[in-house]
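[1] how would this look folded up:
(chains A and B)
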Amino acid sequence: MEHTKYLVVGSSHAALEAVTAIRMHDTEGSLTLLTRDTHLPYSPTVLPYVVSGRSAPDGIFLRDEKFFADNHVALKRGKALKALHTERNAAELADGSEIAYDKILLATGAAPAIPPIPGLDQVAYHVLRTLDDATKLNAAIKQSKQAVVMGAGLVGMHAAENLVKVGAKVTIVEMAKQLTDGYFDATAAGLIEKAFTDNGATILTGSRVVKLAPSAIGATLTLENGTTLEADLLLVATGVKPNMDYLAGSPVEHERGILVSDTMQTSVANVWSAGDCAQAKGFFSNAKVMNAILPDATEQGRIAGMAMAGDPGLKKYPGGVPLNTYHFFGRHAISVGSSKAPAGAEVVTRFDEANGRYLKVIFMEGRLLGIYGVNEFFDGGVMCQLILRRVDLSSVKERFVANPLAVGRELMSKLWR
Amino acid sequence: MGRSYNTIAFDAAKCDGCGDCMTACATAKVGVGDTARSRIQVVGSADDGFELALCRQCGDPKCVTVCPAGALTKDGTSGVIDWSAAKCVDCLLCTVGCAYAGIALDAGTGHVAKCDTCAGAPACVPACPHDALTYITTSRIYNEVGDWEDLFAPGLAGCQGCNTELLMRHTLRRVGPDTVLATPPGCVPGMGSVGFNGTTGTKVPVFHPLLTNTAAMLAGIKRQYKRVGREVTALAIAGDGGASDVGFQSLSGAAERNEQILFMVVDNEGYMNTGMQRSSCTPYGAWTSTTPIGEGSRGIPSQGKTQDAKNLPLIMVNHRCEYVATASTAYMEDLYDKLDKAIQASKVGFAYLHVYSPCTTGWRFPTDQNMEVARKAVETNFVMLWEYTPGEGLRFTRPVDDPLPVTEYLKAMGRFRHLSPDQISHIQGKVVENLAFVKQMVHRASV
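    Numbering: from 1, shown residues only, chains lettered A, B, ... in the order given. A predicted model of the protein is given here:
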């Protein structure tokens, strides 16, 4: 049986950072990177830009073959993990072969969650998680005249914008009361919604698709209130679920994701997990949460790699802080930290409706919990440090809210130089 | 071997927040002097001190790792983190990744912008009227010589924090393998140049002359090599005691005969290897084991050395050597230029290089402060960096127009801790006098 010291499963940010971290400490130990994707590593986050045509499909790769050769990494593409046999430290692949490992990292990411709606399996629809999904959708939007996007998260909104820009009539259907729920509050969501409706999109929040059926142009969707929508292009973007089917029958503990410790270790020896499939400690509570965002994937991947290689420089995971950026119709929105204000929190907002500028800052006992802005630029990385370091902002609160960019940098220059 | 990179350094103490660097950056990068669009941002205030928000060109760049589009890459040659406009999707995730505000949105373009060091000639640096910004280019030395063969054995037995190992390894690398090395008694053989247990500490022929005859022996060896038709560099690395005291007559004689040798003096201002006794290069007021501090005798307290130091390099100038220069390990580029010139000069005549070498043990300062002490010596004009050739005369290579008071240097080490105000004013007076003296020689060279 093939044997490798380190087996990394997955090929996006968490996996790549783990590879780098392992090689920082162990330059020679055999390392195999396994991915079910047939392409070189890329980021799911860039895919909306492949759909829009802004990013060339062959220009998005995060590493090339040379990187793996230079770092003595055996890259196996198009090889999916089927089952994990932790009792004998072996990974079973979809093609039936097995690889024995000393240490394994599960960085298998997530896949679109397909809602159980009657008729959905009878119609053609798109999802967006892989490069192949993106190239298919890129071709399809050019033909579309009337499209429906189910789900108003960032993936759905990105795709909807692309559809609007090619001139399709677009309807976005979202179960929640507002779009981009979980990232932005009602005011910010209102600004985003206005940008979309100004550009001709229809947004149906608080509504639910209850039935789908094939139609002449594609699909007919029936909503909860009885109205129907016709779609020649249907995108299902109602969220993601971790890829962890291969854990069936294994003792690796998992809930919504694979449960990991502060060093990304799972409940089973020699098995680590990081990125969108991992369920790790949140920064704001000790509960284990899904924080499926890119910056956290890199952080978790690095920690996992250091832990696997036995790097003594390893520092424990401080807990996931939500970080999101969103670019829409030439405007931008940045969200750092908690987007919900818990009891006892102080919320300060600043809204310049005429210019579409909005800022919301959430403090708890003088410390920053969350900040987000629409068309209000601040250094997200600096804000994240203010949160992680629990910096007391009581004495500068008013100035901070008035100008988070300048005051954030001022604090940075004093506190972490 | 990894590479070393140039970097923009900031001295917050010199910054007054004028913003000229920001104007220069914005002008160079976006064509207008709008400081908000500068990629270098001065933050803070006069009360709290200024700092910079500027890309640090990190070795482990977070902005690169969080970029989903592969638009940011670390250039392995320049060290600069490059941004690709073609690949960037304006997602701003890099700004969330960077904890130093080194990459930010340029509202004028809608894209992120970051420092690219203007391809090695940063516009901000010359724009600073207070020299708060400097572009440190010493990495070229490391990148150039880093791969050359180190001609000393690994592991030399120097004191912790000693800069002489640095000096020895750099010098021998630069001079190269076709060298015969003389190291008279002192720290250099003490550190292991002559080796242990019958093996030498160098990969070139090395010998251990007496303190008194180093230059004479080396001159003879060089002549013998010439006679048999072999081109070698005859190099001495000697201490100040061995050069300025008992070794002086052979040094002076070799210089007078214009022997083709390169004589380097590592001046740590005393016999540090044998227990920190005073030499003729020990400065006035300094504690040594033979110029102690205490009650003294006959009612006259001992307060360190009571004579001024001999200025050996100026004496060597009076030999009209092919090349004479002073150098400091705090100014490596300067030292390297002089080493190159000295090597060339030694092919036709006598070359003399005098390197000031702070001694952590004998001068009593923390072991991590060697470069700082060496730098302070130059910044106060206690030590002056200059070079001399018979054709060009004497010129300063690192003139200090606005020297710090000499107390900035004196207080950096323990050997001057006891100084009385009178002694300090004596030393300050000597600094002024020495500077005037050397300036006169510069003036003579220019008329």
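[2] If you count contacts, what does the worst-scoring helix or strand of chain B on mean pLDDT end up packed against?
    The helix or strand of chain B with the lowest confidence, counting by mean pLDDT, DSSP states H and E, is helix B:139-145 at a mean of 81. Contacts defined by 3 or more C-beta pairs under 8 Å, 6 or more residues apart in numbering or on different chains; DSSP states H and E place helix B:139-145 against helix B:164-175, helix B:332-345. To be clear about C-beta, it is placed using only N, CA and C from the backbone, and glycine gets the same treatment.
[3] Now mean neighbour count and mean pLDDT too, for those, in TSV please.
    Formatted as TSV, those follow (neighbours: other C-beta atoms under 10 Å in any protein chain shown; pLDDT from 0 to 100):
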stretch	mean neighbour count	mean pLDDT
helix B:164-175	21	92
helix B:332-345	19	94
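[4] The chain - how does it break down into domains?
    I'll assume chain A. A:2-111+A:241-309, A:114-238, A:330-415 (automatic domain parsing).
[5] To clarify, I was referring to chain B.
    B:7-140, B:148-446.
[6] any idea which of the domains of chain A is most buried?
    Of all the domains of chain A, domain A:2-111+A:241-309 has the most neighbours on average by mean count of other C-beta atoms under 10 Å in any protein chain shown, namely a mean of 21.
[7] right, is it up against chain B?
    Yes - figure legend: domain A:2-111+A:241-309 in contact with chain B (C-beta under 8 Å from any C-beta of the partner chain); contacting residues A:13, A:17, A:43-46, A:49, A:54-55, A:59-62, A:294-295, A:298, A:302.
[8] So which of those belong to strands?
    Per DSSP state E, strands hold no members of the residues of domain A:2-111+A:241-309 next to chain B.
[9] any chance you could map the helices in the stretch 251-400 of chain A?
    For the stretch 251-400 of chain A, the helices defined by DSSP state H, counting those that start in this stretch cover A:294-309, A:380-388, A:397-402.
[10] For the stretch 51-200 of chain B, which segments count as strands?
    With DSSP state E, counting those that start in this stretch as the criterion, the stretch 51-200 of chain B has strands at B:72-74, B:81-83, B:103-106, B:111-114, B:133-136, B:179-182.
[11] Let me know which of the ones you listed is the nearest to residue B:248.
    strand B:179-182 (15.6 Å; C-beta to C-beta).
[12] Name all residues that make contact with the residue in the stretch 51-200 of chain A positioned nearest to chain B.
    Residue nearest to chain B within the stretch 51-200 of chain A: residue A:62 (5.3 Å; C-beta to the nearest C-beta). Residue A:62 is in contact with A:12-13, A:16, A:40-43, B:70, counting by C-beta atoms under 8 Å, 6 or more residues apart in numbering or on different chains.
[13] any idea how far it is from residue A:303?
    Distance, residue A:62 to residue A:303, by C-beta to C-beta, to the nearest Å: 19 Å.
[14] Which helix or strand contains residue A:74?
    strand A:73-76 (DSSP states H and E).
[15] and that strand, which strands flank it?
    Each strand paired with strand A:73-76, and its direction, by DSSP bridges: strand A:31-34 (parallel).
[16] Distance from the chain centre to the strand it pairs with, please.
    In terms of C-alpha atoms, centre = their mean, to the nearest Å, the gap separating the centre of strand A:31-34 from the centre of its chain is 23 Å.
[17] which helix of chain B spans the most residues?
    helix B:421-446 (DSSP state H).
[18] Check the offset of that one from the chain's centre.
    For helix B:421-446 - counting by C-alpha atoms, centre = their mean - the centre lies 22 Å from the chain centre.
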